[in-house]
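>>> Following is a predicted model, sequence given first.
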Amino acid sequence: MSALIEIRDVSKVYRRDSIETPVLSGINLNVEHGEFLALMGPSGSGKTTLLNMIAGIDKPTSGQIRVGDTDIARMSESALAKWRASNVGFVFQFYNLIPVLTAFENVELPLLLTKLSKSERKKHVETALTIVGLSDRLNYYPKQLSGGQEQRVAIARAIVTDPLILIADEPTGDLDKTSAQEIMTLMQRLNSEFKKTIVMVTHDSHTASKASVLRHLEKGDLLPEDVQTN
Amino acid sequence: MKLLKMIFRNVFRHKLRTVLTILGIAVAVMAFGLLRTVVGAWGSGVAASSADRLVTRDAVTIINPLPLSYYNQIKQVSGVREVTYMNWFGGTYIDQSHFFARYAVDPGTFFSVYPEYLVGSKTLAAFRNQPNDCIVGSALAQRYNFKVGDVITIDGDIYPGTWEFQVAGIYKPKFKSTDAMAMFLNWNYLNEKVKQDFPGRADGVGWYVEQIDAGANSGDIGRRIDALFANSPAETKTESERQFQQGFLASAGAIISAMNYVSFVIVGIIMLVLANTMIMSARERTREYAVLKAIGFSGRHLIEMILGESLLVSLLGGALGIFLTYPVVESFASFASFLGADLFVQSATLLTAFAAVVFVGIAAALFPIQRTMNTKIADGIRFAG
Ligand SMILES: Nc1ncnc2c1ncn2[C@@H]1O[C@H](COP(=O)(O)OP(=O)(O)OP(=O)(O)O)[C@@H](O)[C@H]1O
Ligand SMILES: [Mg+2]
């Protein structure tokens, strides 16, 4: 069985006016079904850029990115939007919940794009919030939650559509140690218990140690593989 | 639409800012409504004018009187069914701020040429028989609480002296656009007084009004009337009542066009107020909109959200403004009585205000929509407000 995510000779050059900034050069990477990959590297090495391209919110300057059986480097914007809606769950450093919506409504957002009925949506949202341990906070607004709780709502929002891959850019970057640990335990559980394929970017080696595979980016190049055991 | 909830909550995210924006729009819409109402009242004389009435006046200027002897000659012109004549009486009631129109009219013919002024037969009989009687409009009577038998004292200027007129009755306007703020006094009584005090001005008529046969060619009839008096000391100019009214309007034209212009400047102001709010909101929500796009919401969803929010604010402000227009027009009418019964909020004004508000709601959303559409998701998520 082939890898779930296959990245071939991917390069990225940012162009602003006449200035060209090469960020990634000839990246090759496979992510297997059920893998939990951590990407590490110094600031500015291109981690977010690579993650965004895997998630289909940015496009490579050259090369191929296949996720499942879809070649996402070649899709139109609107087709990509549809693809993301059903295949990608996003977790960001700053949670990025919608402040005017409750926890329940935030988690429900991705389901508004589906054909699910109101009662079906409710069931899915409650399940997702139960998995992240917040079934008692359905009607709280983001500002009534702690940072760790906000991030757990964000994770619930990311998994509620049962996506193919989970994308996390420094999910613990804005949290204290205890909350960070809780989030990582949750991520591990999503990987082991719910078989979610996860690609995560982090600065923190402790956070990275919870992943099953660790890769380093350095100045736009991926360093040789280094499989962890834990 | 499932996004409606989010639109509503977004609108009231910054309550003070939204309330101030709505109030700003409301005040501007109210000013727009008042201006359009005044402009409309000015033009309503034209709208109320009859197509089958002609007005004959001195060819040089309406200030020059015409001889009373023209009456019988005009009456003979074919196509003319009835003729009446009148003078502008002028004068002051109480003081300059209490302005209303006063005409000396021929009691025998006036009300049959002007059927839109509804008077009872008893009132008309009294008016014809009692020389110093007058008939006042219902709006005017209401304004000053005039009752039958009351004496109205006018300080004359065109016809100097202190004049006292007794109210014979009150006329009602037939149409909403009919002037209900006028006062009609007896031309014969005025002429008798003039004969005594200023014999040189006796038998002078301000202008004649002809009722013509329905469907008759008013241009031809007008030319036939004017031909009667060609090469006489008092040549005439006959035109339709509408042209006659428009001639009056032309002198006020500059003010009207300034008011028209200002009313559209106001629409521009509303747009800037709203656009400012919408641009601030969209900027603050750069990251949220990018996240929504990442999750899979399409450009159309975001356009709906931004446009919906903009329209909601502009419509709330517009509704409040239109609501406020009524009491403001009413209180304005109380000290602008010269515009009289014509000063009411016309449905055309409401429609224009509504259209302006919708237009502004859409226009104010364009820039934020364009900005949101052009922001790449990856850049939007990095955006640090
Ligand atoms: N839109 C853009 N235009 C131009 N340059 C960009 C743009 N986005 C990122 N870059 C540049 O690309 C490089 C890699 O950025 P990226 O955000 O991928 O790094 P990163 O590894 O995620 O860094 P960090 O750990 O600080 O988040 C940086 O030098 C950055 O300045
Ligand atoms: Mg980064």
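Nice, thanks for sending it over. Numbers count the residues shown, from 1 in each chain, chains lettered A, B, ... in the order given. Ligands and ions are numbered 1, 2, ... in the order given.

>>> and the gap between residue B:32 and residue B:257?
Counting by C-beta to C-beta, to the nearest Å, the separation of residue B:32 from residue B:257 is 16 Å. Every C-beta, even on glycine, is put in place using the N, C-alpha and C of the backbone.

>>> These two - which one has more neighbours?
Neighbour comparison, residue B:32 and residue B:257: the larger count goes to residue B:32, with 27 against 11 (by other C-beta atoms under 10 Å in any protein chain shown).

>>> so that one sits right up against residue B:265, yeah?
No: counting by C-beta atoms under 8 Å, residue B:32 does not reach residue B:265; the two are 9.6 Å apart.

>>> what touches both of the two?
Residues touching both residue B:32 and residue B:265 (C-beta atoms under 8 Å, 6 or more residues apart in numbering or on different chains): none.

>>> just checking, what packs against the helix ranked longest in chain A?
Ranked by residue count and defined by DSSP state H, the top helix of chain A is helix A:177-192. Here helix A:177-192 touches strand A:36-40, helix A:147-159, strand A:165-169, strand A:197-201, going by 3 or more C-beta pairs under 8 Å, 6 or more residues apart in numbering or on different chains; DSSP states H and E.

>>> Check which residues of it are buried.
Burial within helix A:177-192, assessed by neighbour count using 16 or more other C-beta atoms under 10 Å in any protein chain shown, is assigned to A:179-184, A:186-188, A:190-191.

>>> Can you show me the helices along the chain?
Answering for chain A, as no chain was given. Assigned by DSSP H, the helices in chain A fall at A:47-55, A:77-87, A:103-108, A:118-131, A:147-159, A:177-192, A:205-208.

>>> wrong chain, I was asking about chain B
Under DSSP H, chain B gives helices at B:4-11, B:15-48, B:70-76, B:110-113, B:121-129, B:138-144, B:187-197, B:218-228, B:241-284, B:286-295, B:299-335, B:347-374, B:377-382.

>>> just those helices: most buried one?
Sort the helices of chain B by mean neighbour count, taking mean count of other C-beta atoms under 10 Å in any protein chain shown, and helix B:286-295 sits at the top with a mean of 22.

>>> helices and strands around that helix, which ones?
So helix B:286-295, by 3+ C-beta pairs under 8 Å, 6+ apart, packs with helix A:77-87, strand A:88-91, helix B:299-335, helix B:377-382.

>>> Next one: the last one, is it in contact with chain A?
Pointing back at helix B:377-382 there. Yes: using C-beta under 8 Å from any C-beta of the partner chain, a contact is recorded between helix B:377-382 and chain A, made by B:377-378, B:381-382.

>>> quick check, nearest of those residues to residue B:113?
Distance to residue B:113 across those (C-beta to C-beta) is lowest for residue B:377, with 75.5 Å.

>>> Residue ranges in the stretch 251-385 of chain B under the pLDDT threshold?
Across the stretch 251-385 of chain B, the ranges flagged by pLDDT under 70 are B:251-253, B:334-342, B:385.

>>> Output the set of residues of it in proximity to ligand 1.
Residues of the stretch 251-385 of chain B found near ligand 1 (C-beta under 6 Å from any ligand atom) are residue B:379.

>>> Show me what residue of the stretch 251-385 of chain B gets nearest to chain A.
For the stretch 251-385 of chain B and chain A, the shortest gap (C-beta to the nearest C-beta) falls at residue B:296, measuring 2.6 Å.

>>> show me what contacts that residue?
Residue B:296 neighbours (C-beta under 8 Å, 6+ apart): A:81-82, A:84-86, A:110, A:113.

>>> neighbour-wise, which of the residues you listed leads?
residue A:110 (28 neighbours).

>>> so how far is residue B:318 from that residue?
Counting by C-beta to C-beta - residue A:110 and residue B:318 are separated by 35 Å.

>>> Equivalent analysis for residue B:235, please.
When distance is defined by C-beta to C-beta, residue B:235 is 53 Å away from residue B:318.

>>> before we move on, what about residue A:62?
Relative to residue B:318, residue A:62 is positioned 52 Å away (C-beta to C-beta).

>>> Then residue B:74?
Distance of residue B:74 to residue B:318, computed by C-beta to C-beta: 52 Å.

>>> now residue B:197
Separation of residue B:197 from residue B:318 (C-beta to C-beta) stands at 58 Å.

>>> tell me the contacts of the residue lying closest to residue A:24 once chain neighbours are set aside?
Excluding the flanking residues, the one nearest residue A:24 by C-beta to C-beta, 6 or more residues apart in numbering or on different chains is residue A:12, at 4.3 Å. The contact partners of residue A:12, by C-beta under 8 Å, 6+ apart, come to A:22-24, A:46, A:49-50, A:53, A:58, A:60-61.

>>> Spit out the contact partners of the residue in chain A that chain B sits nearest to.
Going by C-beta to the nearest C-beta, chain B is nearest to residue A:85 of chain A, at 2.6 Å. The contact partners of residue A:85, by C-beta under 8 Å, 6+ apart, come to A:110, A:113-114, A:161, B:295-296.

>>> can you do 10 Å?
By C-beta atoms under 10 Å, 6 or more residues apart in numbering or on different chains, the contact set of residue A:85 is A:110-114, A:161, A:163, B:294-298.

>>> Then residue A:160?
A:89, A:106-111, A:114, A:121, A:124-129, A:131.

>>> Burial check on the residue nearest to it when sequence neighbours are not counted, number of neighbours?
Nearest non-adjacent residue to residue A:160, counting by C-beta to C-beta, 6+ apart: residue A:128, 4.2 Å away. Neighbours of residue A:128 under the rule other C-beta under 10 Å: 26.

>>> if we can go back for a sec, select, out of the helices of chain B, the one closest to residue B:97.
Nearest to residue B:97, of all the helices of chain B, is helix B:299-335, at 7.2 Å by C-beta to C-beta.

>>> Determine if any part of that closest one is in contact with chain A.
Yes: interface with chain A: helix B:299-335 contributes B:299-301 (C-beta under 10 Å from any C-beta of the partner chain).

>>> Listing request: residues of the stretch 101-250 of chain B with sub-threshold pLDDT.
For the stretch 101-250 of chain B, applying pLDDT under 70 flags the ranges B:248-250.

>>> my read: residue B:103 touches residue B:158, true?
No: look at residue B:103 against residue B:158 with C-beta atoms under 10 Å: they stay out of range, at 11.7 Å.

>>> Between those two, which contacts overlap?
Common contacts of residue B:103 and residue B:158, defined by C-beta under 10 Å, 6+ apart, comprise B:87-90, B:206.

>>> Filter those residues down to just the buried residues.
B:87, B:89, B:206.

>>> What's the local residue count around the nearest residue to the second one once chain neighbours are set aside?
Leaving aside its chain neighbours, residue B:89 sits nearest to residue B:102 (4.1 Å; criterion: C-beta to C-beta, 6+ apart). Using other C-beta under 10 Å, the number of residues around residue B:102 comes to 24.

>>> and what of residue A:159?
Count around residue A:159 with other C-beta under 10 Å applied: 22.
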